[in-house]
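Visitor: give me a model of this one.
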Amino acid sequence: KEVTFDLDGLLNSEGPAPVLRGRTVGGPSPPNVLFPLGRPSPDNIGAICLYGTSRPRYPKQILPQSGRAHLSRQADAIHRTEAWYSWHCCSNNGLEERDKALCCAHQAWEQALNLFCQEEFSIKTAHYSCCLLRGEDRWSCFDSHAPNPSYYPSSSYSGADVPPPSDPAFSPTCLSGQHHPPAAPRTGMEQNFTVPDIMFPPGQPTHSNIKRICKLRKSRPRYHEKKCFPPGYDWLGHQARSVNQWEQSLKSCCVVRSEALACAVEKWRMEMELFCQKESGANPQQYQCCEPQGEKRYDCFASKAPDPHYHDPLRQRIIHLNPNSLGMICDYKKNLKKRFGAWLPVENIVQQCCHLESQRQKHDCTEEQVSGPQLQSVSFYV
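Guide: Predicted structure coming up:
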C-alpha cells in the first residue's frame, strides 16, 4: 500500500520544514533537505544540544533512488553531523560545559563537511559550490547557505538519529581531561584529527614577489586563531596567528609603492621573531627554523615557505579544479564577478568559454583565460 506524507498540513512550523512525500501522479517529489547545517557558535550551541531529535532526518526510503544522488550525499552529511553532535558533543558535556560542547561541535561540523566535499569530488557531476573553496572561505560559504542556522526545531518533528555511512568515528579531543591523549609531536597526527592547511611560513618579500604580496593580500586566507586544537597541536594556533598578523601588517606597507619592499621585509622578519618567541615559551619542541639565529633563521623560514612566490590563490584554486568543476564558473559568474571582477577575467570567460558544449572545452578555455596576460595590466597595489 502506498502512503503519502505531507507534514506541511499536519505541523505548525516556525521555520522551513521538510516536505516528505511519496509517489504522486507526476512521479516522486524529492524532499526538501535542509542542507547545510549552520556553523556551531555560542549563540546556537544550546539549541544544537537541546533540540537534536527535533530536527529532521532523511531515511533512504524517502530519497530518490536515482537522478538526485546529491540529496543522498547532503542527507548523509546531516546525519553524520547530527550523530556526532549527539553521541560525542552533547551527551557527556551538557549545557553547563558549553565551551567544551562548542569546541566539539565545531570540529564535528567541519569534519562532516570535509567528508561531504570529498564525496562530491569523487563523483563526476556539478559539485556543491562551497566545496570549490578552501579554509575559512569554505566554512563561511556553508554557513551563509544554512537554511536554519539557529538550530531551533523547524517543526514538531521528532526522530532518532540516522546512523551515518560507515566511516572513521568522530572522536574530538577537546573534552574533559581523561579523554586527552599524550601530546602529539609535530610529525604525528591523531587518528581522527585532520591538520588544517595553514600556509606557514609566509614567503620572504623580494623584488619578484612584492607586487603579488600587495595586490593579492585581501584574497589570501585568514585563519581562526582561537579554534580549539587538540593537546599537542598548539603550534597550529601559533602559525595561524603569525600568518594573520603578517597579512595585517602589510596594509601599511603597501600604501607607498617605493617603500613597500623595505617595509614588508622588516615586518616579515619581525613576525618570524615574534613567532619564535611564542614557540620558545609554549612548545618543548620548537619549529626547526627557530633554532638558528640571524640571517640563517630568515633563510630557513624562506626555504620552508609553501608559496614563496605568493601565487594568486583563486587562480591556483581554479587551475587545479577538474573539468567539471572549472566549467561551473559559467554557472556562478555573477557571484564571481561581484567578488573578483577587478582581477579575474570573468567577462572574458563568459564571452569566450561559456557557450562551448563540453566541460573539457570549457575547462581548457577557462584555464587559458585565467593564466593569460590580461591580468598583468591590473595595478598590483591597493
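Visitor: quick one, strands of the chain?
Guide: Taking DSSP state E as the test, the strands found in the chain are 23-24, 27-28.
Visitor: mean pLDDT per helix and strand in this structure: which one sits at the bottom?
Guide: Within the chain, no helix or strand scores below strand 23-24, which has a mean of 39 by mean pLDDT, DSSP states H and E.
Visitor: low-confidence bits of the chain, can you list those?
Guide: Applying pLDDT under 70 to the chain flags the ranges 1-31, 64-68, 91-97, 154-197, 225-233, 281-285, 312-329, 331-344, 370-382.
Visitor: how does it divide into domains?
Guide: 33-145, 181-304, 313-377 (automatic domain parsing).
Visitor: could those domains be laid out in JSON lines, adding distance to Tyr152 and mean neighbour count?
Guide: Bear in mind the C-beta positions are built from the backbone N, C-alpha and C, glycine included. Below are the domains of the chain laid out as JSON lines (distance: least, Cβ to Cβ, whole Å; neighbours: other Cβ atoms under 10 Å):
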{"stretch": "domain 33-145", "distance to Tyr152": "5", "mean neighbour count": "18"}
{"stretch": "domain 181-304", "distance to Tyr152": "24", "mean neighbour count": "16"}
{"stretch": "domain 313-377", "distance to Tyr152": "28", "mean neighbour count": "16"}
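Visitor: how about those in CSV, adding distance to Tyr151?
Guide: Shown next, in CSV, are the domains of the chain (distance: least, Cβ to Cβ, whole Å):
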stretch, distance to Tyr151
domain 33-145, 4
domain 181-304, 19
domain 313-377, 26
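Visitor: and those domains: which comes nearest Pro153?
Guide: Of all the domains of the chain, it is domain 33-145 that lies closest to Pro153, at 3.9 Å by Cβ to Cβ.
Visitor: for that closest one, how far is the first residue from the last?
Guide: End-to-end distance for domain 33-145, by Cα to Cα, to the nearest Å: 12 Å.
Visitor: same thing with stretch 36-43?
Guide: Span of stretch 36-43 from end to end, Cα to Cα: 17 Å.
Visitor: what does that stretch rub up against?
Guide: With contact meaning Cβ atoms under 8 Å, 6 or more residues apart in numbering, stretch 36-43 is reached by 44, 48, 74, 77-78, 81-82, 98, 102, 105-106, 108-109, 113, 130, 139, 142-143, 145-146, 148-151.
Visitor: return the backbone torsion pair for the closest residue to Glu120 other than its chain neighbours.
Guide: Closest residue to Glu120 apart from its sequence neighbours, by Cβ to Cβ, 6 or more residues apart in numbering: His127 at 4.5 Å. Reported as degrees, to the nearest 10, the phi and psi values for His127 are phi -90, psi 150.
Visitor: how about Leu356, phi and psi?
Guide: Dihedral pair for Leu356: phi -70, psi 150, per degrees, to the nearest 10.
Visitor: is it true that it touches Cys365?
Guide: Yes. With contacts counted by Cβ atoms under 8 Å, Leu356 reaches Cys365, the gap being 6.1 Å.
Visitor: now do the helices for this protein: every range, in order, please.
Guide: Using DSSP state H, the helices of the chain run over 45-50, 69-84, 98-121, 135-145, 210-215, 234-253, 260-282, 294-304, 313-319, 323-326, 333-340, 346-353, 359-371.
Visitor: so which of the ones you listed comes closest to Ile62?
Guide: helix 69-84 (9.1 Å).
Visitor: got the angle between that closest one and helix 98-121?
Guide: 160 degrees (axes from the mean of the first three to the mean of the last three Cα atoms, to 10 degrees).
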